[in-house]
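Asker: need a structure here:
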Amino acid sequence: MSDKAAIIARLAKLRALSSGSSGGESEAADLLMRRLAERHGIDLADIDDEAQREWPLDFKAGWRLDLFLQIAGRMRYDMHGSVDAERIQVFRRRLGRKRSNSALFVRCTESEWIELEARFSVLSADYARQLAAFPRAFMERNDLLLPFGAVRRDREPSAEELELAKLAGELALGMRRTVLAKQIEGRAAE
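Answerer: A predicted model of the protein is given here:
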């Protein structure tokens, strides 16, 4: 990569940061971007004209794909005020003669791809962490969780288990308790 291409890539990252952030962080990224462009004699229009490419996705289905599609849609909406804008596109392409042999791709600029990857990385890690805590949160919310050590008394909880329990407690606060008593329409309780 040439020096100019590297600087344009850095300017594109700063542009993504300035448009995706709020408050002082956005202003600081914008100021840094303008100073860097001026210092190297680069027109900021060069960043906007960055060519779109196709980037393969390495997952096919499940919550990771759902999360990625939501992030891409949110970025489209934030950038253009519409989820129908064609700036970031996710599509499926057949890779051979068989219908089942296909893969998902994203069409966007390099700076948009970098931002998508960064957002997905952070959010998917947090999602997986909360997903791991969900069963415990559900049991806690419905008063099914035994105190630690009630079943196994041979050790103290690890730091990781304590962190998971704390997260589960926070998640449980936002959950609705399951009602066990069934209500039958038209019949009085006996």
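Asker: How far off centre is the longest helix that the chain contains?
Answerer: Secondary structure of the chain per DSSP state H: the longest helix is helix 110-141. Mean C-alpha position of helix 110-141 versus that of the full chain (Cα atoms, centre = their mean, to the nearest Å) differs by 6 Å.
Asker: elements contacting that helix?
Answerer: On a contact count with 3 or more Cβ pairs under 8 Å, 6 or more residues apart in numbering; DSSP states H and E, helix 110-141 meets helix 3-20, strand 52-56, helix 63-80, strand 102-109, helix 159-173. Where C-beta positions appear, they are placed from N, C-alpha and C, glycine not excepted.
Asker: can you do 7 Å?
Answerer: Judged by 3 or more Cβ pairs under 7 Å, 6 or more residues apart in numbering; DSSP states H and E, helix 110-141 is in contact with helix 3-20, helix 63-80, strand 102-109, helix 159-173.
Asker: For those, please prepare CSV with the additional fields mean neighbour count, distance to Ala45 and mean pLDDT.
Answerer: As requested, the helices and strands packed on helix 110-141 are exported to CSV (neighbours: other Cβ atoms under 10 Å; distance: least, Cβ to Cβ, whole Å; pLDDT from 0 to 100):
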stretch, mean neighbour count, distance to Ala45, mean pLDDT
helix 3-20, 17, 11, 73
helix 63-80, 16, 17, 87
strand 102-109, 17, 14, 84
helix 159-173, 14, 46, 88
